[in-house]
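Peer 1: can you look at this prediction? I've put the sequence above it.
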Amino acid sequence: MAAYRKLPRAFYLRSTLQVARDLLGTILVRQIGKNRISGTIVEVEAYRQSDPASHSYRGRTKRNEVMFGEGGHLYVYFTYGMHFCSNIVTGKEGIGEAVLIRAVEPIDGIEWMKKKRKFDSHRKDLHNLTNGPAKLCQAFGFGRPEDGMDLLGNKVFIIRPAEERDFIISRSSRIGIKDGMKKKWRFFVKGNPWVSR
DNA sequence: CGACCGATTGACT
DNA sequence: GTCAATCGGTCGG
């Protein structure tokens, strides 16, 4: 592993909107034993504490505890009675903000992901593997045990790509929320096939 | 305590 | 396009 490419704590301690944009094009990595599961982040949404659509809006609770912790941790929550979604916590300890990872483009561990997603290995529509927040969570095997994991550890972390690729960042209002529709806090890589919808 | 509903997905008309 | 699945968080009484 190229340790020097791992995003440092300081990356996550900046403003949530800035972190959201800068996460596009970086690589989410999960190391499970000898298996490496990874993918390029291509779609995200920012959730700020002053935002009615954020879990942290009404204050600290057992569920959103991790959001209020130090930036650079993984916040995984359960929703719709059957799905998990994963976020990157931002800001200093005490600030409840995070960036929802909505889609990644797979790099390593594609067969592992297919197993987790209950995909037949012959399926060719790979975009369906990770083109949604609950889909990539399932593909990476993120659930309750992963809630709160430190992204500066060696199990789950984010790295810069070996070769920077140019891409255009588009933005829109966030998906699936009622409050905060006016805020264009969804950012994605224009034209990438793994972006949801 | 009961009712409502959600940062979604997959199956189906 | 519509809709059910399925359950924990949140809010009102």
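Peer 2: Looks like it arrived, so ask away.
Peer 1: secondary structure class for A:C85?
Peer 2: Assigned with DSSP: H, G, I helix; E, B strand; the rest coil, A:C85 falls in the strand class.
Peer 1: so what's the residue count around the closest residue to it other than its chain neighbours?
Peer 2: Once flanking residues are discounted, A:C85 sits nearest to A:P133: 4.2 Å by CB to CB, 6 or more residues apart in numbering. Backbone N, C-alpha and C define where each C-beta goes, glycine included. Residues lying near A:P133 (other CB atoms under 10 Å) number 24.
Peer 1: let me see the contact set for A:P133.
Peer 2: For A:P133, the contacting residues are A:85-86, A:100-103, A:196, by CB atoms under 8 Å, 6 or more residues apart in numbering.
Peer 1: check it and give its pLDDT.
Peer 2: Per-residue confidence (pLDDT) for A:P133: 98.
Peer 1: how far away is it from DNA strand C?
Peer 2: Distance of A:P133 to DNA strand C, given as CB to the nearest atom of the strand, to the nearest Å: 14 Å.
Peer 1: from DNA strand B, how far off is the most far-flung residue of chain A relative to its centre?
Peer 2: Each residue of chain A has a distance to the centre, and by CA atoms, centre = their mean the biggest one is for A:H122: 26.8 Å. Counting by CB to the nearest atom of the strand, the gap from A:H122 to DNA strand B is 15 Å.
Peer 1: that residue: which element?
Peer 2: Here A:H122, judged by DSSP states H and E, is contained in no helix and no strand.
Peer 1: quick check: the residue nearest to A:C85 vs DNA strand B, distance?
Peer 2: For A:P133, the distance to DNA strand B - CB to the nearest atom of the strand - is 5 Å.
Peer 1: and what of A:K190?
Peer 2: 19 Å.
Peer 1: burial of that residue, as a residue count?
Peer 2: Neighbours around A:K190, by other CB under 10 Å: 11.
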